[in-house]
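Chemist: model the structure of this input:
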Amino acid sequence: ENFSGPAQVAFDDVGIEIAGCGKYEHTQVIKLIDTEKPVVTVTDSCFAANVDCVGTGIEIWAGATDNGVCGSEWIKWDVEVDMYSDWEVDYTFTSFDSADADFYIAPTGTGESIHIPLPDGLPMGCGSEHRVRWTAHDGCGNSTSETSYFTIEDKKKPTPYMLNLSTALMENGSVELWASDFDAGSFDNCTVDSEFLLFTFSPVVPPQLLNPSEEDPWYDADGVASENDYEDGDAELWDGDAGTSAMIFNEDDLAAAEANGGLLPVEVYVWDLCGNYDFAVVNLKLIDNNGAARAHVAGRVATESGEGLPGVTMQALSEAPGYPVTTETVVDGEYMFEYNPMYEDYILSGEKNDDWLNGVTTLDIVLIQQHVLGIQELDSPYKLIAADANNDERISGVDLVQLRKLILGLFSELPNNDSWRFMDKDLAMDATNPWPFSEDMIINDLEEDMLSEDFVAVKTGDVNGSVVTNFANTPIESRTSTTLDFNVEEIDLGQGEVELRFSSSNFNEVAGFQFTMEANASEITSVDAGALEVSPSNVSLIGGSILMSWNGLNAQPLSDEFLFAIRLKKEKNKEISFTNRFLNSEAYLGTELKIVNLSLPGQQPIQTFVSPNPWKSKAEINVEILHAGQVTLEVFSAEGELVLKQEKFLSEGAHKFALEASEFNAGSGLYFYQISDSKQVTKDKFILLD
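Modeler: Predicted coordinates for the structure are as follows:
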């Protein structure tokens, strides 16, 4: 304040007394202090683990505002991450470190959220909470802390694999079954040991699992139940040590089964330790024992070489009540009919009528032709049965014609035959003339368990035993480094028609060959013979690809001679290439019929292979690119459904496409893939195992 003139003023509040005249000055300091703390907003989060059961791409977040009279425009942070909430800080992120520090986080504006990416590979833990302490600082020294929690959990359901079962009611009119009795190999992505999977007959979590101190083991949808409820078939019994529940099936269930053709549909649930579950509906065959003596009949279905064949529908026919009954062979070809009334007669048989091309190639035609001509006879009755494609009980040129139509896709199945034939392993058969033969196994007056009723499975058309019965036992095919080199001259005939003229620089001792040639063709207009006797019956067109199957007896060298020509309509500037899309591109050389690959010298196809193959959890498609550019990978199921697509710009050289089993919802089986660039496409296949 400034004063002039007479004054007699006292400022008691500032301790100054002014008397008399003159000029007096005083400076008063006024401080505005912000004491209002920032407001921090946090959220609890749950993140899904990846296929490797660890966290990847996890980002935690919080927000803060500073609304004081002198609120700051920015907020600095300290963030402490305590894994498993054990009060030991594992990661500290801060705004008070240098900007190039690993865990530096930049200040945020008031009202903005902060997002912090956590390191990849943090372990999954069902129900394990991780603590995060968020501290926000404004510019006036005020700070606020809040705590949030996050979890990294397995969110993927287990995969149930269940068996159908048969059982008989006991003398008291009931039978106790455990849910795990139906398990046939269920698995879970994050449960390393399947023994830690749990099984129930309902989606109800057993109360005893949630409360280990609960003494009563019975439960239903309403919680803990009574033993009477369980005995009446209205509740489940939980066994925590075995990890499974049990149920009583009684005469009411038998009546329901009889009203449904003898089968009772039962839901069986499989759980992982994170509470995820899925179920499968199984068929329970209930039999009224009534004190009658019963016995099991079991055996194995396998090829002549001993490979077990799964998926065979086995039938037991009898005049006993409830028959015929069926079951399916499991992975190793084993089957069982349980609780069959004793002192009855039975007829067993098998049926499997799919996968027609499995094991069937032009090499089989070569071997059958050599047998017909007496060059090299087929040496077992089972090979003769396989060679009889038209099922007329003899081997002739008609069988060759029908098999070639099957190979070329002109037949989807053989008109008068089944894909598989089955006969009693103990059946005495003429090695040179097995016809007629019986495909039934007869059991007269069943008196005891019969556990070795084995069948031999014969794949129609497969005389060299190359059929794959089980993807887990895929045979390793031996091929030499030799290749049969084709040269193809493409002649433009005008109006969208071209002629492909085939020759070879090393066509020597070739007994036969087959191929899939990618040509983007719309029509085959003619097939012309040269040094090789070929005709339209050797060629077909499927999905723009040329399929060819040829065999002959002329093993003399035909190097650089015109072999044959195929005229077709195709798009211009579309390069041709051999692939294994429909048929494996291969040839058979010499008296030993060595299998070799085909090649097109002068062309530069995309080179690719899958490693490992077959594979389970992970694999890689190795690719050799000769020209930089955009490359597309497409994977198709055996039914032709697109299941995976990846696109990359790749430089010249070796590259890899990663495959993970979790990307294949269709599960195990045969898959086809193609890799393409702007000029060409390469196609092949792989096998995914359980």
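
Chemist: wait, D354 sits on S419?
Modeler: Yes - if you go by Cβ atoms under 8 Å, D354 and S419 touch, sitting 6.0 Å apart. C-beta coordinates here come from the backbone N, C-alpha and C atoms, glycine included.

Chemist: give me the more crowded residue out of these two.
Modeler: Set D354 next to S419 and count neighbours by other Cβ atoms under 10 Å: S419 wins out with 19 against 10.

Chemist: show me the contacts for that one.
Modeler: Residues near S419 by Cβ atoms under 8 Å, 6 or more residues apart in numbering: 352-356, 358, 413, 459-460.

Chemist: among the residues you listed, which lie within strands?
Modeler: Counting by DSSP state E, the contacts of S419 place K459 in strands.

Chemist: export the contacts of S419 to CSV and tack on distance to I368 and pLDDT?
Modeler: Shown next, in CSV, are the contacts of S419 (distance: Cβ to Cβ, whole Å; pLDDT from 0 to 100):
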residue, distance to I368, pLDDT
K352, 22, 96
N353, 21, 94
D354, 22, 91
D355, 20, 88
W356, 16, 95
N358, 17, 92
E413, 18, 95
K459, 14, 97
T460, 12, 98
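
Chemist: just the buried subset of the contacts of S419, written out for PyMOL, thanks.
Modeler: In PyMOL, a selection of the buried entries from those looks like this (16 or more other Cβ atoms under 10 Å):
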select buried, resi 352+355+356+358+459+460
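
Chemist: what is the nearest of the contacts of S419 to G530?
Modeler: W356 (31.7 Å; Cβ to Cβ).

Chemist: residues in contact with the closest one?
Modeler: Counting by Cβ under 8 Å, 6+ apart, the residues that W356 touches are 406, 412-414, 419, 460-461.

Chemist: go on, L553?
Modeler: L553 touches 369, 373, 511, counting by Cβ under 8 Å, 6+ apart.

Chemist: narrow the residues you listed to those in helices?
Modeler: Applying DSSP state H to the contacts of L553, the entries found in helices are Q369.

Chemist: among the contacts of L553, the buried ones, what's the ChimeraX command?
Modeler: Selection of buried members from these for ChimeraX, criterion 16+ other Cβ under 10 Å:
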select :369,511
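
Chemist: if you count neighbours, what's buried in whatever helix or strand W61 lives in?
Modeler: Assigned by DSSP states H and E, W61 falls within strand 59-65. Using 16+ other Cβ under 10 Å as the test for burial, strand 59-65 gives 60, 62-65.

Chemist: show me what that strand is in contact with.
Modeler: Counting by Cβ under 8 Å, 6+ apart, 38-43, 45, 75, 77, 79, 81, 108, 110-118, 132, 134, 136, 144, 146, 148, 150 sit against strand 59-65.

Chemist: return that strand as CSV; C-alpha atoms alone will do.
Modeler: This file holds the C-alpha atoms of strand 59-65, laid out as CSV (Å, rounded to 0.1, in the frame of the first residue of the first chain):
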residue,chain,number,x,y,z
GLU,A,59,-2.3,-53.6,-22.2
ILE,A,60,-3.5,-52.2,-18.9
TRP,A,61,-4.9,-48.8,-18.5
ALA,A,62,-6.2,-46.1,-16.1
GLY,A,63,-7.2,-42.4,-16.3
ALA,A,64,-6.7,-39.3,-14.2
THR,A,65,-8.1,-35.8,-14.0
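
Chemist: pLDDT of it, averaged?
Modeler: Strand 59-65 shows a mean pLDDT of 93.

Chemist: quick one: strands adjacent to it?
Modeler: strand 39-42 (antiparallel), strand 113-117 (antiparallel) (DSSP bridges).

Chemist: show me the shaky parts of the stretch 551-690 of the chain.
Modeler: The model of the stretch 551-690 of the chain has pLDDT under 70 over residues 554-555, 573, 602-606, 639-640, 678-681.

Chemist: mind listing the strands for it?
Modeler: 562-570, 577-579, 586-589, 594-599, 607-611, 618-625, 629-637, 642-650, 653-660, 669-676, 681-688 (DSSP state E, counting those that start in this stretch).

Chemist: same question, the stretch 101-250 of the chain
Modeler: Ranges of strands in the stretch 101-250 of the chain, per DSSP E, counting those that start in this stretch, are 108-109, 113-117, 122-123, 130-137, 143-153, 165-169, 174-178, 198-200, 218-220, 223-224, 236-239, 244-250.

Chemist: the stretch 251-400 of the chain too?
Modeler: Secondary structure of the stretch 251-400 of the chain by DSSP E, counting those that start in this stretch: the strands cover 263-271, 277-288, 294-303, 313-317, 325-328, 334-341, 346-351.

Chemist: what pairs with the shortest one, and is each one parallel or antiparallel?
Modeler: Going back to what we said before, that points to strand 325-328. With DSSP bridges as the test, strand 325-328 is paired with strand 313-317 (antiparallel).

Chemist: so the partner strand versus strand 334-341, what angle?
Modeler: Interaxial angle of strand 313-317 relative to strand 334-341 (axes from the mean of the first three to the mean of the last three Cα atoms, to 10 degrees): 20 degrees.

Chemist: report the buried residues of strand 313-317.
Modeler: Buried-residue list, strand 313-317, by 16+ other Cβ under 10 Å: 314-317.

Chemist: if we can go back for a sec, can I get the strands of the stretch 551-690 of the chain in JSON lines with mean neighbour count and distance to N433?
Modeler: Listed next are the strands of the stretch 551-690 of the chain as JSON lines, based on neighbours: other Cβ atoms under 10 Å; distance: least, Cβ to Cβ, whole Å:
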{"stretch": "strand 562-570", "mean neighbour count": "20", "distance to N433": "37"}
{"stretch": "strand 577-579", "mean neighbour count": "23", "distance to N433": "40"}
{"stretch": "strand 586-589", "mean neighbour count": "23", "distance to N433": "27"}
{"stretch": "strand 594-599", "mean neighbour count": "17", "distance to N433": "30"}
{"stretch": "strand 607-611", "mean neighbour count": "15", "distance to N433": "44"}
{"stretch": "strand 618-625", "mean neighbour count": "18", "distance to N433": "47"}
{"stretch": "strand 629-637", "mean neighbour count": "17", "distance to N433": "42"}
{"stretch": "strand 642-650", "mean neighbour count": "13", "distance to N433": "47"}
{"stretch": "strand 653-660", "mean neighbour count": "14", "distance to N433": "49"}
{"stretch": "strand 669-676", "mean neighbour count": "18", "distance to N433": "36"}
{"stretch": "strand 681-688", "mean neighbour count": "20", "distance to N433": "37"}
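
Chemist: switch those over to CSV; also include distance to A389.
Modeler: As requested, the strands of the stretch 551-690 of the chain are exported to CSV (distance: least, Cβ to Cβ, whole Å):
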stretch, distance to A389
strand 562-570, 25
strand 577-579, 26
strand 586-589, 19
strand 594-599, 21
strand 607-611, 32
strand 618-625, 36
strand 629-637, 28
strand 642-650, 33
strand 653-660, 37
strand 669-676, 23
strand 681-688, 24
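
Chemist: which among the ones you listed is found nearest to S166?
Modeler: Across the strands of the stretch 551-690 of the chain, S166 has its closest neighbour in strand 669-676 (28.0 Å, Cβ to Cβ).

Chemist: and the contacts of strand 59-65, which are buried?
Modeler: Buried members of these, scored by 16+ other Cβ under 10 Å, are 38, 40, 42, 45, 75, 77, 79, 81, 108, 110, 114, 116, 118, 132, 134, 136, 144, 148, 150.
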